[in-house]
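Q: sequence? don't have it. structure:
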C-alpha cells in the first residue's frame, strides 16, 4: 500500500511520547528472548489465561535484513506453532491449531523506517475475516493473496498450551534480524491499533503512544529499558522473558520509533566482481561474503538509509578484518545508488578515504575514473583504530578522524576537504563504503547501535548517539530528531 510508504515512521517527528530503547536481534547469532509457560520447569507465571481465543500482539519493528525466501519470525509460541513474522518478505501469521494461515502478497522491504504491526485475534467471531485483524502503521491490512485463512470459529489460538514457550526471534535460520520496540501481548482483548499509536496531525505519520489499558492474566509489555534484564515485563504481571540466547546487555539500542538512526541498507548491499556485502548486527556491520568464482578478491560495498541535503553529521567506524589499503569509506551521490558496484565505481560521484601504508582520499566524478584527490599523512594501521567522518553539508566539506584526531593532508595542516564537486553532480548525499579485499569487515557506529567496544560513551550536543569520541562542535548523530531540527532528509 502506497499509504504505508508515505506515512512510514522514520522517527523524525516530535511525538510527545518517547521510546528510549529497543532490542537488537541478530539471526546469525541465534539471538532471541524466551519466556517459559506453565508446563515447563522455570515457569514464571502459571495463572489461567484470561482467554485462549482472544488476544492482541502489538510491536514496532525495523527490519535490517531481508529474506526473499523462507521465514523470518518476530514472535513464536512454539508448542503448536502460533507465529507472527515474514515469509518471502511478506507478512505471515500462522496459528496451526486455530487454522489461521495469512500470507501477504505485499512485501515489507523498507529498512529505513519502523513498522508498527498489530495482530488482533478473536476466534469467537462468526465472520471469518474478523477472527484475525492485522494492522500496519494504523491501517488494516487485507491483502493476503498468497494464503488467506482466518481460522476456525471458537478454536484456541495456542498461545498458552502446556510446554509452550514464547520467543522474540527464533533461530539462526528463522529469526528476524532488526530492532524490536514496545512489544505487547494483551490476553483476552481484540484491540485496535489506536490503543498503541496515533496519527500525527501535522505530518500524517503514524507514531507510538502510551498504552493505558489492561493486560489480562498472561499479558506482558517489554520496553527493553533495563539493560541488565532485557526480557523484563513492565506490565505488572511479572511475565518476564528469562532467557536471552546468543545476546547480551550490549544488544540494548537507542534506535527507536521516536528517534530513528541511520544504518546500512540491505537493498543497497551491492554486488561486486565476485561477491556481495553482507550486512549484520542491526545494519551496522559490513563484511565481504565473497563467493570466490576463481578469485580471492572482488569489489563489494554498501550504501546507507538516510541521505542528507544540509546539516553537519558525524559517525564512526572500525575495521576488524581484512587487508589494509583496500577499504574506502566516505560519501556518494544518492541519485546513483544501485545494487551494482560496477555502476557506482564507473558512474556515481563519490569521495572516500582509503586506508593503508599511504592513505589517500579518492574522488570519482561522472564518466570519469577514480583519481587521487588528496594524499594523507601516513599512520601505522591496525584493527584497533577507530575512524570517524564529520560531514558538513552546509559548507560542503568533509573531515576524517583517526582515534579522535583529524587526519591531515600530507605535508600540510589541512584537515577539511571540499565535496562541492560531488554535491554538484548529485544531491542528496549518502554514506558509502567499498572494498576490494576478500574477508574485509568494518564495524560502523551511527549512534543507535554498534559492535565497536565503546569505553567513553560520548554523545552529541543534544545527547543523542553513543560514540567513542565526542562529535566536533556543531556536528550531530544522523538520527530522526536531529534531522528534524537541523534539516537534511529523513
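A: Ah, there it is. Because the structure is a prediction, the values reported are computed rather than measured. Numbers count the residues shown, from 1 in each chain.
Q: ok, for residue 455, nearest residue in space, not its chain neighbours?
A: residue 468 (6.7 Å; C-beta to C-beta, 6 or more residues apart in numbering). Every C-beta, even on glycine, is put in place using the N, C-alpha and C of the backbone.
Q: need the phi and psi values for the one you found.
A: Here is the backbone geometry of residue 468 (degrees, to the nearest 10): phi -80, psi -40.
Q: that one against residue 386, yeah?
A: Yes - under the criterion of C-beta atoms under 8 Å, residue 468 makes contact with residue 386 at 5.1 Å.
Q: and for these two, which residues touch both?
A: 316, 404, 452 (C-beta atoms under 8 Å, 6 or more residues apart in numbering).
Q: which one (most neighbours) among the residues you listed?
A: residue 316 (24 neighbours; other C-beta atoms under 10 Å).
Q: what residues of the helix or strand hosting that residue count as buried?
A: Assigned by DSSP states H and E, residue 316 belongs to strand 312-321. Neighbour counts using 16 or more other C-beta atoms under 10 Å place 312, 313, 314, 315, 316, 317, 318, 319 of strand 312-321 among the buried residues.
Q: not counting sequence-adjacent ones, nearest residue to residue 212?
A: residue 195 (8.0 Å).
Q: what's the burial count for the one you found?
A: When neighbours are counted by other C-beta under 10 Å, residue 195 comes out with 19.
Q: would you agree it is in contact with residue 215?
A: No - the pair residue 195 and residue 215 fails to qualify as a contact (C-beta under 8 Å) at a distance of 11.6 Å.
Q: just give me how far the next helix or strand after the strand holding residue 316 sits from the chain centre.
A: Toward the C-terminal end, the helix or strand that comes next after strand 312-321 (DSSP H and E) is strand 327-333. In terms of C-alpha atoms, centre = their mean, to the nearest Å, the centre of strand 327-333 is set 21 Å apart from its chain centre.
Q: and for stretch 389-402?
A: Worked out by C-alpha atoms, centre = their mean, stretch 389-402 lies 25 Å from the chain centre.
Q: measure it end to end?
A: In stretch 389-402, first residue to last residue: 9 Å (C-alpha to C-alpha, to the nearest Å).
Q: which of the residues in it are buried?
A: 389, 390, 391, 392, 393, 396, 397, 398, 399, 400, 401, 402.
Q: backbone dihedrals for the fourth one, please?
A: By that I understand residue 392. Torsion angles, degrees, to the nearest 10, at residue 392: phi -110, psi 90.
Q: hey, where'd the strands end up in the stretch 1-150 of the chain?
A: 22-25, 32-36, 54-63, 71-77, 82-87, 90-95, 100-107, 115-122, 132-136, 139-140, 147-150 (DSSP state E, counting those that start in this stretch).
Q: and those, which one's lowest on average pLDDT?
A: The minimum mean pLDDT among those belongs to strand 32-36 (a mean of 88).
Q: any idea how far that one is from the chain center?
A: That offset, for strand 32-36, works out to 21 Å (C-alpha atoms, centre = their mean).
Q: need the contact list for residue 282.
A: 24, 26, 64, 177, 178, 179, 253, 255, 263, 448, 449.
Q: okay, the fourth one: pLDDT?
A: pLDDT, the model's per-residue confidence, is 94 for residue 177.
Q: and it, how close does it get to residue 164?
A: As for residue 177, its distance to residue 164 is 24 Å (criterion: C-beta to C-beta, to the nearest Å).
Q: higher neighbour count, these two?
A: Higher neighbour count among residue 177 and residue 164: residue 177, with 24 against 21, using other C-beta under 10 Å.
Q: quick one: the more buried one and residue 285 touch, right?
A: No - using C-beta under 8 Å, residue 177 is not in contact with residue 285, being 11.1 Å away.
Q: for residue 118, the count of nearby residues, please.
A: Counted with other C-beta under 10 Å, residue 118 comes out at 26.
Q: so it makes contact with residue 134?
A: Yes - with contact defined as C-beta under 8 Å, residue 118 counts as touching residue 134 (7.2 Å).
Q: pLDDT below threshold where in the chain?
A: Applying pLDDT under 70 to the chain picks out residues 1-15, 37-46, 269-276, 289-298, 323-325, 338-347, 367, 489-490.
Q: recalculate using a threshold of 50.
A: 1-3, 39-44, 274, 291-294 (pLDDT under 50).
Q: how is it divided into domains?
A: Using automatic domain parsing, the domain ranges for the chain come out as 2-253, 266-486.
Q: picking up where we left off before, closest to residue 225 out of the shared contacts of residue 468 and residue 386?
A: Ranked by distance to residue 225 (C-beta to C-beta), these are led by residue 452 at 22.3 Å.
Q: give me the phi and psi angles of that closest one.
A: Dihedral angles for residue 452 - degrees, to the nearest 10 - are phi -70, psi 140.
Q: next up, the contacts around it.
A: Residue 452 touches 316, 317, 318, 386, 443, 445, 468, counting by C-beta under 8 Å, 6+ apart.
Q: against residue 443, how distant is it?
A: On the measure of C-beta to C-beta, residue 452 and residue 443 end up 5 Å apart.
Q: list the residues that contact both of these two?
A: Listed contacts common to residue 452 and residue 443 are 317, 318; contacts here mean C-beta under 8 Å, 6+ apart.
Q: quick one: end-to-end distance for stretch 134-141.
A: Using C-alpha to C-alpha, one end of stretch 134-141 lies 5 Å from the other.
Q: give me the distance between the nearest residue to residue 119 once chain neighbours are set aside and residue 26.
A: Nearest residue to residue 119, sequence neighbours excluded (C-beta to C-beta, 6+ apart): residue 57, at 4.7 Å. Residue 57 sits 22 Å away from residue 26, going by C-beta to C-beta.
Q: equivalent analysis for residue 480, please.
A: With distances taken as C-beta to C-beta, residue 480 is found 23 Å from residue 26.
Q: pick out whichever of these two has more residues nearby.
A: residue 480 (27 against 23).
Q: test my guess that that one contacts residue 257.
A: No - in this structure residue 480 lies outside contact range of residue 257 using C-beta under 8 Å: 9.0 Å.
Q: which ones are touching the spatially closest residue to residue 436 that is not a sequence neighbour?
A: Sequence neighbours aside, residue 326 is the residue nearest to residue 436 in space, at 4.4 Å (criterion: C-beta to C-beta, 6+ apart). Residue 326 makes contacts with 297, 354, 356, 435, 436, 437, 440, as judged by C-beta under 8 Å, 6+ apart.
Q: what subset of the residues you listed is buried?
A: 297, 354, 435, 436, 437, 440.
Q: find the nearest non-adjacent residue to the spatially most central residue of the chain, please.
A: Against the mean C-alpha coordinate of the chain, by C-alpha atoms, centre = their mean, the closest residue is residue 64 at 4.1 Å. The shortest distance from residue 64 to any non-neighbouring residue, by C-beta to C-beta, 6+ apart, is to residue 283 (3.8 Å).
Q: quick check: that neighbour vs residue 401, distance?
A: Taking C-beta to C-beta, one finds residue 283 at 22 Å from residue 401.
Q: then residue 70?
A: 41 Å.
Q: ok, residue 32 next?
A: 36 Å.
Q: closest to residue 380 out of the buried residues of stretch 389-402?
A: residue 402 (10.6 Å).
Q: list the contacts for that closest one?
A: Contacts of residue 402 by C-beta under 8 Å, 6+ apart are 379, 385, 386, 387, 388.
Q: I'd say residue 317 and residue 385 touch.
A: No - between residue 317 and residue 385 there is no contact under C-beta under 8 Å: 9.5 Å.
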